[in-house]
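Chemist: make a model of this:
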Amino acid sequence: MTPSDIPHKDRLIVALDLPGVEQAEAMVARLGDSVSFYKIGYQLVYAGGLPLVRKLADQGKKVFIDLKLHDIGNTVARGVENIAKLGATFLTVHAYPQTMKAATEARAGTGLKILAVTVLTSYDDSDLHAAGYRLGVSDLVEARAQQAQLLGIDGLVCSAEEVGALRKIVGHQMHLVTPGIRPTGAATGDQKRIMTPAHAIAAGSDYLVVGRPVVEAADPKAVAEAILAEITPPLAA
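Modeler: Next up is the predicted model:
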């Protein structure tokens, strides 16, 4: 699927960063048909949320499982094989060559797409240096993008700030999925590399991941619909 083929509504991925399955199901019900794509991450998975993946898929929703796998190749492969059976659309792994290679081989023949996380959007150069990395954010993101493309990864999770540079590297053969999206006026929280929905789409993002600004809103459906309306002009440009 090329960027132009992505249904408009699918471009917004709402992160169900909620304490339990009951709260997540209530949020899905509140959002109704305004949202077609959901992300399930650590918080919900560790609260028994994996069966919700199949339930949402059976309802015609798409699901992004955000577990950022990174382990020895065999362990990653066995995990990917089981996750592929749940009906999810996307699964994240950390962008280390051995991990990416194991994940892409294990998802062969399934509908699961593997996304590689380049550098977490809560990290900046000083965080990387403190962790022992020689490269800064932009250089590390570009190096990992090149490795991911060679290994057959389906897409990258990156900051919207990096989308322009990444498009020059991967073209439109890989999906670019951007967390750290904050609607105009929303709190930044713990994110350091952020962008508004319209600016992210204009920069070349394919999918926008939005969590707290939607699920913590007084009217989540209205916020989701406002985001979709906000990205319409840049998509039409």
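Chemist: quick check: buried residues in the longest helix seen in the chain?
Modeler: When the chain is scanned for its longest helix (criterion: DSSP state H), the result is helix 137-150. Of all the residues in helix 137-150, those buried under the rule 16 or more other C-beta atoms under 10 Å are Val137, Leu140, Val141, Glu142, Arg144, Ala145, Gln147, Ala148, Gln149. Heads up, the C-betas are built off the backbone N, CA and C, glycines and all.
Chemist: same question, stretch 161-176
Modeler: Those would be Glu161, Glu162, Val163, Leu166, Arg167, Ile169, Val170, Met174, His175, Leu176, for stretch 161-176 by 16+ other C-beta under 10 Å.
Chemist: residue boundaries of the helices in the protein?
Modeler: 21-31, 42-45, 50-58, 73-84, 97-106, 125-130, 137-150, 163-170, 197-203, 212-215, 220-230, 232-236.
Chemist: which of those helices has the lowest average pLDDT?
Modeler: Per-segment mean pLDDT for these reaches its minimum on helix 232-236, at a mean of 82.
Chemist: list the contacts of it.
Modeler: Applying C-beta atoms under 8 Å, 6 or more residues apart in numbering, the contact partners of helix 232-236 are His8, Arg11, Ala198, Ile201, Ala202.
Chemist: contacting residues around Cys94?
Modeler: In this structure residue 94 is His, not Cys. Listed by C-beta under 8 Å, 6+ apart, the contact partners of His94 are Lys68, Leu69, His70, Ala116, Val117.
Chemist: let's have the buried residues of stretch 161-176 in CSV, adding distance to Pro97.
Modeler: Converted to CSV, these look like this (distance: C-beta to C-beta, whole Å):
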residue, distance to Pro97
Glu161, 24
Glu162, 19
Val163, 22
Leu166, 18
Arg167, 22
Ile169, 16
Val170, 16
Met174, 16
His175, 20
Leu176, 20
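Chemist: of those, closest to Leu16?
Modeler: Each of these was scored against Leu16 by C-beta to C-beta, and His175 proved nearest at 20.1 Å.
Chemist: might one say that that closest one is in contact with Lys113?
Modeler: Yes: if you go by C-beta atoms under 8 Å, His175 and Lys113 touch, sitting 7.4 Å apart.
Chemist: picking up where we left off before, most neighbours of all the contacts of helix 232-236, which one?
Modeler: When neighbours are counted by other C-beta atoms under 10 Å, Ile201 leads these with 26 neighbours.
Chemist: that residue contacts Ile227, correct?
Modeler: No: distance between Ile201 and Ile227: 10.0 Å, which falls outside the contact criterion (C-beta under 8 Å).
Chemist: do you know how far the residue nearest the centre of the chain is from Ile6?
Modeler: Against the mean C-alpha coordinate of the chain, by C-alpha atoms, centre = their mean, the closest residue is Val177 at 4.9 Å. Spatial separation of Val177 from Ile6 under the definition C-beta to C-beta, to the nearest Å is 11 Å.
Chemist: state the pLDDT value of Leu120.
Modeler: Per-residue confidence at Leu120 stands at 86 (pLDDT).
Chemist: closest to Thr99 among the contacts of His94?
Modeler: When the contacts of His94 are compared for distance to Thr99 (C-beta to C-beta), His70 comes out closest, at 5.0 Å.
Chemist: coming back round to it: what residues does the longest helix of the chain touch?
Modeler: Identification of contacts with helix 137-150 by C-beta under 8 Å, 6+ apart yields 95, 97, 100, 116, 118-119, 123-125, 128, 133, 135, 156, 158-159, 162, 165-166, 169-170, 173-174, 193.
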